[in-house]
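> pasting a predicted model and its sequence here:
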Amino acid sequence: MAKRSFLIPGVDKRLLIKDSLKTMPDLTRRRFIAGGASLGALTLLTGCDVVDSSSAEEMLKQVSKFNDAVQSFIFNPDALAPTFPESAITKPFPFNAYYDLDDAPDVDGKDWKLEVRGLVDNKKSWTLDELYQLPQVTQITRHICVEGWSAIGSWTGTPLRDFLKLIGADTRAKYVWFQCADKDGYNSPLDMRSALHPQTQMTFKYANEILPRAYGFPMKIRVPTKLGFKNPKYVVSMEVTNDYKGGYWEDQGYNSFSGS
């Protein structure tokens, strides 16, 4: 297929790229610029020329998809994220969200149940007490935020891969998709290889205490191999699926894989 080219006289394509970069999330933009991507490289990757702001934005979306594919390809499911001694824990561990703590979901643990859907044998809903009975492990790992800061915390819970095995999940599926109690309908997809990573955890405790509201009570998904926004909190359901359903931040242009 011939390369598409719809050049408009007087349009400075480099200024269009610069303008479209403003729409990218900060970290994505910094990585894009640091990578030294040129207009020629963008054209080579996407197969079309930049002619206006909409085509420039579409081009950058394609680059983002390419970046996801590369990260997924080089991801080593056996490589562990660094762990740390208790002396390295950040105190206090910061609250992080796109809203204030007063606006965080206030979930009643007595009524809460984890809904399980999709490509699984056992679709029963799980109470918090039932989940607490599962074998749990503790990890002291670093949370890396897309905004550029990081903090080390102590997280205790059940490895997600053990739970997926318990419910008879089809681990040949592409994703585990999480929905949360946030008022904006926060949701997040997790590729199956990352879901099966030994450190990916259904977290119920922080610092050996029941997970506080600030950190995602009653359950968060701790994924130390990913950036912080890929660690959903206040989880109410999980779905094993082959369909990419998007996510709160992914739908706003953040890379879906987002390895740390």
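In hand now; what should we look at?

> use CA for all of it now, contacts and neighbours both
Noted.

> which stretches of the stretch 151-260 of the chain form helices?
Using DSSP state H, counting those that start in this stretch, the helices found in the stretch 151-260 of the chain span residues 160-166, 192-195.

> now the ones you listed as TSV including distance to residue 201, mean pLDDT and mean neighbour count?
Listed next are the helices of the stretch 151-260 of the chain as TSV, based on distance: least, CA to CA, whole Å; pLDDT from 0 to 100; neighbours: other CA atoms under 10 Å:
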stretch	distance to residue 201	mean pLDDT	mean neighbour count
helix 160-166	5	98	17
helix 192-195	8	96	22
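
> nearest to residue 127, of those helices?
Nearest of the helices of the stretch 151-260 of the chain to residue 127, taken as CA to CA: helix 160-166 at 13.8 Å.

> returning to that earlier point: what's the closest of the helices of the stretch 151-260 of the chain to residue 216?
For the helices of the stretch 151-260 of the chain, the distance to residue 216 is smallest for helix 160-166, at 16.2 Å, taking CA to CA.

> low pLDDT regions in the stretch 51-200 of the chain?
For the stretch 51-200 of the chain, applying pLDDT under 70 flags the ranges 51-76.

> how does it look with 80?
Across the stretch 51-200 of the chain, the ranges flagged by pLDDT under 80 are 51-78.

> domains for this structure, by residue range?
As given by automatic domain parsing, the domain ranges for the chain are 13-73, 86-252.

> what about the last one, start to end distance?
Across its full length, domain 86-252 reaches 36 Å end to end, with CA to CA, to the nearest Å as the criterion.

> give me the contact list for the lengthiest strand in the chain.
Ordering each strand of the chain by length in residues (DSSP state E) puts strand 150-159 first. The contact list for strand 150-159 (CA atoms under 8 Å, 6 or more residues apart in numbering) reads 84, 86, 88-90, 93-94, 134-144, 198-208, 222.

> burial count for residue 78?
When neighbours are defined as other CA atoms under 10 Å, residue 78 has 11 of them.

> residues contacting the closest residue to it other than its chain neighbours?
Nearest residue to residue 78, sequence neighbours excluded (CA to CA, 6 or more residues apart in numbering): residue 197, at 7.0 Å. Going by CA under 8 Å, 6+ apart, residue 197 touches 77-78, 161.

> could you redo those residues as JSON lines and give each row distance to residue 115?
Converted to JSON lines, those look like this (distance: CA to CA, whole Å):
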{"residue": "77", "distance to residue 115": "26"}
{"residue": "78", "distance to residue 115": "29"}
{"residue": "161", "distance to residue 115": "17"}
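
> just those residues now: which is nearest residue 100?
Proximity of the contacts of residue 197 to residue 100 (CA to CA) peaks at residue 161, which lies at 31.9 Å.

> which ones are touching the closest one?
195-198, 200.

> farthest pair in those residues?
The distance between the two most remote of the contacts of residue 161 (CA to CA) is 8.4 Å, for 195 and 198.
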